[in-house]
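Asks: got a sequence here, can you build the structure:
(one chain, ligands or ions: 1)
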Amino acid sequence: MAFSFRGRTISKVAVIGSGQIGPDIALHFVKVLHGFDVYVTVVDIATDALEKGKAKLFKKVDKGGQTGAFKPNDVEGMKSHVIFTSDYNELKGADLVVEAATEDLPLKKRIFRQIEELVSPEAILTSNSSHLEPERIFDELKIKGRSLCTHYFFPAERNPAIEIIPGKDTDSKTTDFMMRFYEAIGKIPIKVGSRYGYAVDPVFEGLLLACVQCVDAGLGDTKQVDYVASKALGLNVGPFTAHNLTGGNPITAHGLSEMHDSLNGWFRVPERLKKLLESKSDWEVPGRGEKIEVSPEKEKAISEELMGAYFAIVCDMLDAEIITTSDFDLLISVALDMKPPFSFMNSVGVKKAFELVETFAKKYPPMPVSKKLKEQADSGKPWEILDVLFEKKDDIGVITIRRPKALNAVNSKVFSELNGYCDIIKNDPTIKAAVITGFGNKAFVAGADIKEMAGLKEPAQGEHFARLGQIASAELEKLGKPIVAALNGFALGGGCELAMCCTARVAPKGLKFFAGQPEVNLGLIPGMGGTQRLPRLVGFERAAEMIRTARPISSAQALEYGLINEEVGGDVLERAIVLARDIAAGKVKPKLIEMGPLPNVPDKLPDVDLGHLSKAIDALAVQAILEGGKMTLDDGLKNEAHIFGQCWTKEDNRIGLKNFVEKGAKSKAEFVHR
Ligand code: CAA
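Replies: Coordinates of the predicted model:
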């Protein structure tokens, strides 16, 4: 067996370097690929590093076994699929090589000269670096098109963010494959243009410099600045603490010095950092739970200075056109778990952000003032940050919902972005058909955004929210061109409802937990058409059972019920594109949903075991299903939205939504049937 994906077969991954990050990278690969019998080989010439790396990886696997994160079989499977060796010949047969040696250009180049002699011409070669441009690392390779840089984040086995940096010689097919491959194995890959430090490190390292400048300017000591920085930038720990914890001071010093020459003259190694490194000490930082006092004036001054630095650094990268606002926000929020920069600027006002940058740049020349930031501030509009992406793949428009932190849950912002893309698809005669999918390997869409719904106060607001979702999803149905749902994972609640508006649906083979209408768990009924389209697709009895009990079904059941058209062995997106094209060409004619009233609407639905679920909400669900069946689809939807709003007249609605927000999806709400 092997991991086959998009025409490539991966049976062996090699990681070079058993130092700080190599074993963690290897752990991620072995965790996600051992089930496909893929072997991961870690190569290092230092045997003590190999021993340490192996001990570290095995310890993490054992810990995962003890906490229940990994099943006993997986613990054994992972350990038996990872090999630590000092023999470079073991690289032979590797389909993917990730070099994770020290951040040293001559060393990396030497390693790649050696690798190229050993692996096949088809193997993909990557260098995990935090700064170095691919053009510099790979310039001596004979075949440059199969090489690119990656940048993993701490801890590499768990932090899903990864920067993907193609060089000028990287074949776009290699980049596309690596983007999709990392997504398929659970990472959040973000493509970044080739520039020293890529996108994240000028932020991480630049903010340390900005903090030192605050100390030098007498705004506070390192403890105070660290404390204010964590508060102002939404960090778990401040930059000084983060550098102590990750041992990052030497690499930041090197990075800052290189950025001085490669990015702009503001970046430099501050004297305090030089002294700290000479004395081999750590920054003085707040102890756990230590209360730090800072006067309100100083707190404001430090916060504004750090915001000025943060916004200046990220906007300079927009000017350099190495990343987009949407990608940067997602990357920073996942990689560094801090306030995403462009949403942050929108929340303080782009004009105010521009003023902070201007003040900072005046105080600390030659920090540039970004042209794009000035234009944005002059426009009076907020930055555009998209949760839905659109790409044209030849004659097919591909819509991707990308909110990985909420499993792609759909909210009012997503609805409005979807509407915009539907207009593009309708109006572009070169687009023959479309596909809609979700980002990642776990969820298509895990429903309407429960956190947004929990903020609604009254029936009219509930009804309005449902109508927004219904109208946005019905746009897919009314495109006038076929649209196929590539259901790459869970299709729950609003996710299942969006999918049902498509011309056809495909899903991965063998998903046990796949589709469903779990709204009643939340003290809600489906509000984006579930009570109307599900009976029209799978029949009253099955639809009512799914809606009233919230029980999800597998992909095999979904196929049997007629909820999906195909279970797919390979990449669902690729299959959906082919199917969309075939439907557009009239080669395939899927059965469409009945738009008129349904014949044989029962007077009553069969009894189901409601268990702990609310009888009051169940009555509303039954009402929406039975009444809607006798109406046209359009009228049934309006009726459903009205009844969805009526959920807000029930105590169980507050109980269900509050339970999810406070205790999470696994906790059962204690309904009172009112
Ligand atoms: N809305 C908002 N956030 C959601 C979400 C949703 N529908 N579904 C999941 N998330 C969030 C979770 O809150 C969590 O966020 P934090 O990390 O900040 O806590 C994150 O996504 C990951 O979720 P879990 O930790 O729960 O992941 P899991 O793998 O353990 O479980 C799941 C995945 C089974 C999908 C579970 O999250 C779940 O049951 N979610 C709710 C599904 C649901 O009820 N959907 C229907 C929504 S109502 C609706 O759609 C109404 C309508 O018709 C208009």
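Asks: shouldn't Leu386 be within a strand?
Replies: No. Assignment of Leu386 by DSSP: H, G, I helix; E, B strand; the rest coil gives coil, placing it outside any strand.
Asks: pull the host helix or strand of Glu163 out as CSV, backbone CA atoms only.
Replies: Assigned by DSSP states H and E, Glu163 belongs to strand 161-166. What follows is strand 161-166 as a C-alpha-only set of coordinates in CSV (Å, rounded to 0.1, in the frame of the first residue of the first chain):
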residue,chain,number,x,y,z
ALA,A,161,0.2,26.1,9.6
ILE,A,162,2.8,25.7,7.0
GLU,A,163,4.3,28.3,4.6
ILE,A,164,4.9,26.9,1.1
ILE,A,165,7.5,28.9,-0.8
PRO,A,166,8.1,28.1,-4.5
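Asks: the helix or strand just after that strand: how far from the chain's middle?
Replies: Next in sequence after strand 161-166, counting helices and strands by DSSP H and E, comes helix 172-184. Centroid displacement of helix 172-184 relative to its chain, using C-alpha atoms, centre = their mean, to the nearest Å, is 15 Å.
Asks: and the helix or strand harbouring Asn659, what does it pack against?
Replies: For Asn659, the host element (DSSP H and E) is helix 651-663. Applying 3 or more C-beta pairs under 8 Å, 6 or more residues apart in numbering; DSSP states H and E, we find helix 651-663 packed against helix 450-454, helix 615-629. For every residue, glycine as well, the C-beta is placed using N, CA and C.
Asks: what is the rounded mean pLDDT of the strand holding Glu163?
Replies: Mean per-residue pLDDT for strand 161-166: 98.
Asks: what residues does it touch?
Replies: 133-134, 148-153, 172, 174-175, 178-179, 182, 187-194, 198-200, 331, 334-335 (C-beta atoms under 8 Å, 6 or more residues apart in numbering).
Asks: sheet partners, orientation included, of that strand?
Replies: strand 147-152 (antiparallel), strand 188-191 (parallel) (DSSP bridges).
Asks: how about the contacts made by Ala515?
Replies: 487, 490-492, 495-496, 499, 507, 552-553, 555, 558, 563-564.
Asks: these two touch, right, Leu306 and Ala229?
Replies: Yes. Leu306 lies in contact with Ala229 (C-beta atoms under 8 Å); the separation is 5.5 Å.
Asks: quick revisit: in JSON lines, list the contacts of Ala515 along with pLDDT and distance to Val410.
Replies: Shown next, in JSON lines, are the contacts of Ala515 (pLDDT from 0 to 100; distance: C-beta to C-beta, whole Å):
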{"residue": "Leu487", "pLDDT": "97", "distance to Val410": "14"}
{"residue": "Phe490", "pLDDT": "95", "distance to Val410": "13"}
{"residue": "Ala491", "pLDDT": "97", "distance to Val410": "11"}
{"residue": "Leu492", "pLDDT": "97", "distance to Val410": "11"}
{"residue": "Gly495", "pLDDT": "97", "distance to Val410": "7"}
{"residue": "Cys496", "pLDDT": "97", "distance to Val410": "11"}
{"residue": "Ala499", "pLDDT": "97", "distance to Val410": "12"}
{"residue": "Ala507", "pLDDT": "97", "distance to Val410": "18"}
{"residue": "Pro552", "pLDDT": "96", "distance to Val410": "18"}
{"residue": "Ile553", "pLDDT": "96", "distance to Val410": "20"}
{"residue": "Ser555", "pLDDT": "96", "distance to Val410": "21"}
{"residue": "Ala558", "pLDDT": "97", "distance to Val410": "20"}
{"residue": "Leu563", "pLDDT": "96", "distance to Val410": "19"}
{"residue": "Ile564", "pLDDT": "97", "distance to Val410": "19"}
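Asks: out of those residues, which are buried?
Replies: 487, 490-492, 495-496, 499, 507, 552-553, 555, 558, 563-564 (16 or more other C-beta atoms under 10 Å).
Asks: near the ligand, list only the ones from those residues.
Replies: Among the buried ones among the contacts of Ala515, the residues that sit close to the ligand (C-beta under 6 Å from any ligand atom) are Phe490, Leu492.
Asks: nearest to Gln66, of the buried ones among the contacts of Ala515?
Replies: Gln66 lies nearest to Phe490 out of the buried ones among the contacts of Ala515, by C-beta to C-beta, at 28.0 Å.
Asks: thanks a lot, catch you later.
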